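**Q** got a predicted structure plus its sequence, pasted below:
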Amino acid sequence: MSVHDALAARKGAYNVKDQAALHGIHRSTMFRLRSGERVASLELAMKMAADLDVPVEVLFERTRVAVHK
């Protein structure tokens, strides 16, 4: 489980469709972000971090630790 997945799950977004809805993006965009086909813009990364109530740098951690408050 990725850092993003764990944080999104805390918000009730357990799958790509729910994660995309949480961030207000199309699910195909979420799939591309997850696969590495697309890289999030700074604006999108900041929005995703705000949606998850974490600092943006947390989304770029390579560890699988998901307990950030």
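**A** Received the coordinates, thanks. Numbers count the residues shown, from 1 in each chain.
**Q** how about the helices of the protein, start to end?
**A** Along the chain, counting by DSSP state H, helices occupy 3-10, 16-23, 27-35, 42-52.
**Q** pLDDT wise, what is the residue lying closest to residue 8 once chain neighbours are set aside at?
**A** The spatially closest residue to residue 8, leaving aside those adjacent along the chain, is residue 19, at 4.8 Å (Cβ to Cβ, 6 or more residues apart in numbering). Placement of C-beta: from N, CA and C, glycine included. pLDDT, residue 19: 97.
**Q** so who does residue 19 touch?
**A** Counting by Cβ atoms under 8 Å, 6 or more residues apart in numbering, residue 19 touches 4-5, 8, 13, 30.
**Q** about what we covered before: CSV please, covering the helices of the chain and showing distance to residue 62.
**A** CSV is the format used below for the helices of the chain (distance: least, Cβ to Cβ, whole Å):
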stretch, distance to residue 62
helix 3-10, 8
helix 16-23, 19
helix 27-35, 15
helix 42-52, 15
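**Q** of all those helices, which one is nearest residue 61?
**A** Smallest distance to residue 61 across the helices of the chain (Cβ to Cβ): 5.3 Å, for helix 3-10.
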